[in-house]
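Q: Need coordinates for the following:
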Amino acid sequence: MIVCSCAVISDRDLEEAVLEIMSEPNAPIPTPGVVYKQLAKRMTCCGCAPLAIETIYAKMEDLERRGLICPWACATAKSRLREFSMANARAVPRARRARALERSRPAEPPRSPSRAGIRS
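A: Just a heads-up that it's a prediction; the model follows:
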């Protein structure tokens, strides 16, 4: 099945990349960016991102179930992803509050240039 038509990436390509990534010591979280980099490809329009994420994690679980990747490495990657997601979820409301606060402040009137030293 083609997951990304822009970069011509199939689910089999994603499976191979996830297997290579998760076999590394201190394997990174297999995000689409990490997986696409492993494949030497780039997301173009990012329309495939939701399907790519779903496929990557389905393949990761399948590889773990088949005994091809270490369950500990898989669990570690999943917990790191959860930590990242939770930290990101906390950061987003803070950023929204900061933007809202900035918008609610009255704009400062423009400063006029100093007239000191200017003769009329």
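
Q: and A73, how many residues sit next to it?
A: 18 (other Cβ atoms under 10 Å). Using the backbone N, CA and C atoms, a C-beta is placed for each residue, glycine as well.

Q: In terms of helices and strands, where is it?
A: helix 71-104 (DSSP states H and E).

Q: ditto for P30
A: Counting by DSSP H and E, P30 is found in no helix or strand.

Q: which residues sit in contact with it?
A: 17-18, 21-22, 56-57, 60, 77 (Cβ atoms under 8 Å, 6 or more residues apart in numbering).

Q: now for the one helix or strand A17 maps to, which elements pack on it?
A: Using DSSP H and E, A17 sits in helix 11-22. Judged by 3 or more Cβ pairs under 8 Å, 6 or more residues apart in numbering; DSSP states H and E, the packing partners of helix 11-22 are strand 2-4, helix 32-38, helix 49-65, helix 71-104.

Q: model confidence over it, on average?
A: The pLDDT scores in helix 11-22 average 94.

Q: Adding distance to D11 and mean pLDDT, write the helices and strands packed on helix 11-22 out as a markdown table.
A: Output for the helices and strands packed on helix 11-22, formatted as a markdown table (distance: least, Cβ to Cβ, whole Å; pLDDT from 0 to 100):
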| stretch | distance to D11 | mean pLDDT |
| --- | --- | --- |
| strand 2-4 | 6 | 91 |
| helix 32-38 | 11 | 92 |
| helix 49-65 | 5 | 89 |
| helix 71-104 | 18 | 71 |
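
Q: quick one: which of the ones you listed is nearest N26?
A: helix 71-104 (9.0 Å; Cβ to Cβ).

Q: M60 and V18 touch, don't they?
A: Yes: the pair M60 and V18 passes the contact test of Cβ atoms under 8 Å, sitting 5.4 Å apart.

Q: The two - which one has more neighbours?
A: V18 (27 against 23).
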